[in-house]
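>>> The sequence and its predicted three-dimensional model are supplied below.
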Amino acid sequence: MKKENLIRIVVALLLAPGSDSAVWAIGRGAGTSAQMQSAMPGPAHKQLAKRAGEYTTVTKFTAQPGATPVDSTGTAKISMILDGRFLLEEDAGIY
C-alpha cells in the first residue's frame, strides 16, 4: 500500500462523521483541555517510537509442505506519523 493511500485512510477514519475522537474535536477547534490532553501521544506511543528506523528484512516462503524454503530480502522503513500518534511501516523488496 502506498504511503499516500495509507495516510488518506487514517485521516478518513479520524474525520469520519459521528466520530467521538478527541482528535476530531481538536481539528474542529472544539473540546476541553481534558479532550486535548487525551489526544496527545502517551507512554505507549513512546514505546512504539523506539521501533522507528531502517531495517533489512528476510522473509522465508515455503510453497508446499516439505519444500525447501525460499529466502527473499528487502528493506523496511518504520517512522512515526501524525504527530507521533501512529507507526508507519514501508516495506520494499522482491517477493
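Looks like it came in fine.

>>> C-terminal to whichever strand or helix holds Ala76, what's the next element?
Taking DSSP states H and E as the definition, Ala76 sits inside strand 70-81. Using DSSP H and E, the helix or strand that follows strand 70-81 towards the C-terminus is strand 86-93.

>>> which strands and helices sit next to the strand holding Ala76?
helix 43-49, strand 53-61, strand 86-93 (3 or more Cβ pairs under 8 Å, 6 or more residues apart in numbering; DSSP states H and E). C-beta: built from backbone N, CA, C; applies to glycine.

>>> highest average neighbour count across these?
strand 86-93 (a mean of 14; mean count of other Cβ atoms under 10 Å).

>>> Which secondary structure elements does that one sit against?
If you count contacts as 3+ Cβ pairs under 8 Å, 6+ apart, strand 86-93 packs onto helix 3-14, strand 53-61, strand 70-81.

>>> swap the cut-off to 7 Å and go again
Applying 3 or more Cβ pairs under 7 Å, 6 or more residues apart in numbering; DSSP states H and E, one finds that strand 86-93 makes contact with helix 3-14, strand 70-81.

>>> any idea of the mean pLDDT in that strand?
Strand 86-93 carries an average pLDDT of 93.

>>> got the domain boundaries for this protein?
Residue ranges of the domains in the chain are recorded as 1-40, 41-95, according to automatic domain parsing.

>>> Alright, I will stop here.
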